[in-house]
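# take a look and give me a structure for this.
(chains A and B)
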2 protein chains.
Amino acid sequence: MSNKKLVEQITSRDVDFSQWYTDLCLKAELMDYSDAKGFIIYRPLGYAIWENIQKYLDAEFKKTKHENVYMPMLIPESLFQKEKDHVSGFAPETAMVTTTGVEDLSERLIIRPTSEVLFGTHYSKIVKSYRDLPKLYNQWCSVVRWEKTTRPFLRGKEFLWQEGHTVHATAKEAKKETLDMLKIYKKLGKDLLAIPFVTGRKTNKEKFAGALETYAIEALMHDGQALQSGTSHYFGNEFAHAFDIKFTDESNQLKYAYQTSWGVSTRLIGAVIMVHGDDNGLVLPPYVAPTQIVIVPIKPNDEVQAAVKKLSKQLSKKYRVFVDDSSKSPGWKFSEHEMKGVPLRIEVGPRDLEQGLVVVAFRHTHEKVTVRLEDVSSFVKNGLKKMHDDMYQKALDHAQSRTYTTTNYDEFKSYLKQGGYIKMSVSGEDAEIKIKEETGATARVILKEPLLSEICPVTGKKAKQTILFARAY
Amino acid sequence: MSNKKLVEQITSRDVDFSQWYTDLCLKAELMDYSDAKGFIIYRPLGYAIWENIQKYLDAEFKKTKHENVYMPMLIPESLFQKEKDHVSGFAPETAMVTTTGVEDLSERLIIRPTSEVLFGTHYSKIVKSYRDLPKLYNQWCSVVRWEKTTRPFLRGKEFLWQEGHTVHATAKEAKKETLDMLKIYKKLGKDLLAIPFVTGRKTNKEKFAGALETYAIEALMHDGQALQSGTSHYFGNEFAHAFDIKFTDESNQLKYAYQTSWGVSTRLIGAVIMVHGDDNGLVLPPYVAPTQIVIVPIKPNDEVQAAVKKLSKQLSKKYRVFVDDSSKSPGWKFSEHEMKGVPLRIEVGPRDLEQGLVVVAFRHTHEKVTVRLEDVSSFVKNGLKKMHDDMYQKALDHAQSRTYTTTNYDEFKSYLKQGGYIKMSVSGEDAEIKIKEETGATARVILKEPLLSEICPVTGKKAKQTILFARAY
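Presented below is the predicted three-dimensional model:
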């Protein structure tokens, strides 16, 4: 097969973004469908991206004194119903265990869609005194939500995530935690995913079931649609009342505690694909890429093999390197590793080698540079850094060039057709509902910016907040 | 509270081993019970031990070219029934999702008790040619088995584990994989858990549902009962037939592939507790301990605080260090960190400090040594190494002193009362069944040792195998 064929297997991004996305997920071997409808298999490449995200976040969580725990996968139905806003938000999406095949259960058990009620119950048991506070727990697990329409990584009946759940003595501390974790998520975008996240508070309509305040990280995909990529919630002491989480403070007064929760999921893999990918496949930001450098020997004689071995050994000390010495043709290998998004390719061929040279190809720009063997190490270091920065900047430029400001609802609609973020000042939930019904756009976050108009262009009422709108996944 | 009180909260190990175990699990804050009966909460200390086991194994798996993936949590019932031995082994223990609360499912979904059928289905899809082989996959997840009687870490309705599933072109390769992974598990015991595992093949009666051969790592607990601590299975091409996993070999012949699976679980935490723990609580082998060194300031004046800070900074570069500067009394702290099994305690007090000294206390022996400040670093390094070796040796001595050999069934029974491993040559499954019924002991592994007698002391038939028996958890 020619190397063109592999590339031809995915739809062009600008012809049909949705089909391009699905094609890429399958052809890059990130995932596969499973026999349980709406559930996917995370193949080695997809899972390894998640592992790198985990490694980054877990280190950040531990640096900030968080501890990992693991709560049961199943929640008794009666326990789940303790916090009424929470249950009404999640009840329709719950998968329930009712039987063991041998005998029916006396109470139905819900597979966790999220674990607030489990942490709430545990905290009510272990928190007694101000000395026990704060408790800063996190859990890595999978959750199940019975979504009707599913898409790989973006929306599935099961997804992998981390859910942080913390409990504090004061509202101030809990609010600080909510925002501190949001900052860590934003930093994940900057440091690892090369994605410029917009952060901000959600409107009441869009906030999490049971939370007082929800904050989110949002990213703009290549097609101009937004993706909510993570959230951080402040609960006040609502759950503490429902679950009876009380402590005696320093003056021996019994008080209700304050809580937060926050999470990101394998949806981030979808963000990476849709922000950076191109018609040749996946483009992985270098620091999150499971393989950072692929070395491809061309017409491998003894000298080439020796050079590849030496180079691989040298670079493996600092980078994740794969030597593709399979029997496939170089062209096939090139397109295969491009499809899989490997940031750098080093081609080692006999002719270049005679002059002490190799070719380094960048995945994101397709640029090829001839480099002297003794310079490869420093070239790679700088190259990966520059690549990361360039990818971040490109994504930022894309988002900024697609961020519109308007005080006119018709203009809003025409911007929306082009796709992107739109800033508009509106009256409130009434405007949000109308906009969603008429255009499909939703409030992504509330902006801390002055009002753009005194009157809401949607309802004609007094404008109260400037909101960033977009169509979203 | 005096420091005695905390210790008094756990039952003595030699008075009631079972109660001692449960007390320790709770008081050391390794776990807690949850509202779903038979499901436990892994608290920070319990989970952190598991994380250290994961880190060790995951590195070993990756070194040996295994890749991590993630399969769905739910399995359609029809898929689960494809391999008949497998389904008959697991069917009674399956938890089934039948409804979403809004609508009943058209097919019942089983929460994975193990994922052979998911890997089998996936492999049948992605394995086409000998070039695709081997596939060496592993998964970190939790599984659900509806056990009737449960005990923290040892047997629960849900547990955390890794399950490796590999597929190979030849039986020879698959058999090698089965044994290679068993070796990694044994090495985990030697390097990290300070547990001398006995390894060997299981009898047909005890092997995994659907496997041709099952190998296990077994350990002897302090009370003389054995604990199966991990298994490695060779499937031949049984599953490949059931799931149609075929490939074309180098001569273009269509062949069935060969498979293995292997796993260890959070049961290993139970092994660590029951092999090393004592009446003061948990005793953690130093390399798996989440906190390796606790520094306790005594009457902390400025000099003490400065010395603690310096020591902590210095030791944290190489070890996991916790400074307990809480307001609790030193005695209370001592017993609390003993309960939690912290290997080394460094006491920094004003009097010792004046002479440039600190006290280092070993958890496993309660030995206290006065050490010069400038020697602490090397003392700790050697101390942890020696501690690990001593703990391993002690566990080995215990197991060896409790390993009996007999050719007499009455003697077998009296050894069994004392508790331990018993070697005996038996006729086969008929003897195994009788032994189990009459004594509760089961075949742990088949020994590669000469026959001890020509006649089986249980059945009077010809002896065929020498087997290591024990009562087991």
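# check the offset of stretch A:439-448 from the chain's centre.
Centroid separation between stretch A:439-448 and its chain, computed with CA atoms, centre = their mean, to the nearest Å, is 19 Å.
# same question, stretch A:17-32
Centroid separation for stretch A:17-32 versus its chain: 17 Å, with CA atoms, centre = their mean.
# and that stretch, what's its mean pLDDT?
Mean per-residue pLDDT for stretch A:17-32: 97.
# give the buried residues for that stretch.
By 16 or more other CB atoms under 10 Å in any protein chain shown, the buried positions in stretch A:17-32 come out as A:17, A:20-32. From N, CA and C alone the C-beta is placed, and that goes for glycine too.
# and stretch A:336-350, by the same measure?
Neighbour counts over stretch A:336-350 (16+ other CB under 10 Å) mark A:336-349 as buried.
# need the max-distance pair from those residues.
Farthest-apart pair in the buried residues of stretch A:336-350 is A:341 and A:349; separation 23.3 Å (CB to CB).
# my guess is residue A:200 is in a helix, correct?
No - going by DSSP: H, G, I helix; E, B strand; the rest coil, the assignment for residue A:200 is strand, not a helix.
# may I have the phi/psi pair for the nearest residue to it once chain neighbours are set aside?
Nearest in space to residue A:200, with sequence neighbours left out and distances taken as CB to CB, 6 or more residues apart in numbering or on different chains, is residue A:445 at 2.9 Å. Dihedral pair for residue A:445: phi -150, psi 160, per degrees, to the nearest 10.
# the one 3 residues further on too?
Torsion angles at residue A:448 (phi, psi; degrees, to the nearest 10) stand at phi -90, psi 60.
# so it touches residue A:198, yeah?
No - counting by CB atoms under 8 Å, residue A:198 is not a contact partner of residue A:448; they are 11.6 Å apart.
# more neighbours: which of those two?
Taking neighbours as other CB atoms under 10 Å in any protein chain shown, residue A:448 and residue A:198 compare with residue A:198 leading, 21 against 9.
# can you pull up the bridge partners for that one?
Partner residues in beta bridges with residue A:198, using DSSP bridges, are residue A:218.
# where exactly do the helices run in the stretch 51-200 of chain A?
A:77-80, A:84-90, A:116-126, A:171-188 (DSSP state H, counting those that start in this stretch).
# in a markdown table, list those along with mean pLDDT.
Below are these laid out as a markdown table (pLDDT from 0 to 100):
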| stretch | mean pLDDT |
| --- | --- |
| helix A:77-80 | 92 |
| helix A:84-90 | 78 |
| helix A:116-126 | 96 |
| helix A:171-188 | 98 |
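# the residue of the stretch 151-300 of chain A found nearest chain B: what's it in contact with?
Going by CB to the nearest CB, chain B is nearest to residue A:158 of the stretch 151-300 of chain A, at 5.5 Å. Contacts for residue A:158 (CB atoms under 8 Å, 6 or more residues apart in numbering or on different chains) come out as A:38-40, A:142-144, B:72-74.
# now those residues in CSV, with pLDDT?
Putting the contacts of residue A:158 into CSV (pLDDT from 0 to 100) gives the following:
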residue, pLDDT
A:38, 96
A:39, 97
A:40, 98
A:142, 97
A:143, 98
A:144, 97
B:72, 98
B:73, 98
B:74, 98
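# please indicate which of those are buried?
By neighbour count, with 16+ other CB under 10 Å, the contacts of residue A:158 hold A:38-40, A:142-144, B:72-74 as buried.
# neighbours around residue A:75, how many?
Residues near residue A:75, counting by other CB under 10 Å, number 28.
# for residue A:101, same thing?
Neighbour count for residue A:101, taken as other CB under 10 Å: 17.
# so it touches residue B:90, yeah?
No - using CB under 8 Å, residue A:101 is not in contact with residue B:90, being 9.6 Å away.
# which among the buried ones among the contacts of residue A:158 gets closest to residue A:258?
Residue A:258 has its nearest neighbour among these in residue A:143, at 23.8 Å by CB to CB.
# residues in contact with the spatially most central residue of chain A?
The centre of chain A sits closest to residue A:268, judged by CA atoms, centre = their mean, with a distance of 2.0 Å. Applying CB under 8 Å, 6+ apart to residue A:268 gives the contacts A:50, A:53, A:193, A:229-230.
# mind redoing it with 10 Å?
The neighbourhood of residue A:268, defined by CB atoms under 10 Å, 6 or more residues apart in numbering or on different chains, consists of A:49-50, A:53, A:57, A:153, A:161, A:185, A:188-189, A:192-193, A:195, A:217, A:219, A:227, A:229-230, A:288.
# in helices only, show me the buried residues of stretch A:336-350.
Among the buried residues of stretch A:336-350, DSSP state H puts A:336-339 in helices.
# near chain B, which residues of the stretch 151-300 of chain A are found?
Residues of the stretch 151-300 of chain A lying close to chain B by CB under 10 Å from any CB of the partner chain are A:156-160, A:266, A:290.
# which of those fall in strands?
Those of those mapping onto strands are A:158-160, per DSSP state E.
# relative to residue A:315, how far out is the residue located most distally from the centre of chain A?
Distance to the chain centre peaks in chain A at residue A:354, reaching 45.2 Å (criterion: CA atoms, centre = their mean). Separation of residue A:354 from residue A:315 (CB to CB, to the nearest Å) stands at 21 Å.
# thought residue A:439 was touching residue A:417, still the case?
Yes - between residue A:417 and residue A:439 a contact is recorded at 9.3 Å, counting by CB atoms under 10 Å.
# ok, for residue A:240, nearest residue in space, not its chain neighbours?
Leaving aside its chain neighbours, residue A:240 sits nearest to residue A:256 (4.2 Å; criterion: CB to CB, 6+ apart).
# then residue A:32?
Counting by CB to CB, 6+ apart, residue A:41 is the residue found nearest to residue A:32 once chain neighbours are left out, at 4.5 Å.
# what of residue A:181?
Sequence neighbours aside, residue A:262 is the residue nearest to residue A:181 in space, at 4.3 Å (criterion: CB to CB, 6+ apart).
# so what's residue A:213 bridging to?
Going by DSSP bridges, residue A:213 forms beta bridges with residue A:234.
# OK, contacts around it?
A:175, A:178-179, A:201-202, A:204, A:207, A:232-236, A:260.
# now do residue A:264
Residue A:264 touches A:53-54, A:57, A:161-164, A:181, A:184-185, A:188, A:217, A:229-232, A:271, counting by CB under 10 Å, 6+ apart.
# does it belong to a helix, a strand or coil?
Applying three-state DSSP: residue A:264 is strand.
# what's the neighbour count on residue A:409?
18.
# right, I mislabeled it, should have said residue A:426
Residue A:426 is flanked by 29 other residues according to other CB under 10 Å.
# skipping adjacent residues, who's closest to it in space?
residue A:456 (4.6 Å).
# any idea how far that neighbour lies from residue A:435?
In terms of CB to CB, residue A:456 sits 10 Å off from residue A:435.
# about what we covered before: could I get the ones in strands among the residues of the stretch 151-300 of chain A next to chain B as JSON lines with distance to residue A:395 and pLDDT?
Listed next are those as JSON lines, based on distance: CB to CB, whole Å; pLDDT from 0 to 100:
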{"residue": "A:158", "distance to residue A:395": "28", "pLDDT": "98"}
{"residue": "A:159", "distance to residue A:395": "23", "pLDDT": "98"}
{"residue": "A:160", "distance to residue A:395": "24", "pLDDT": "98"}
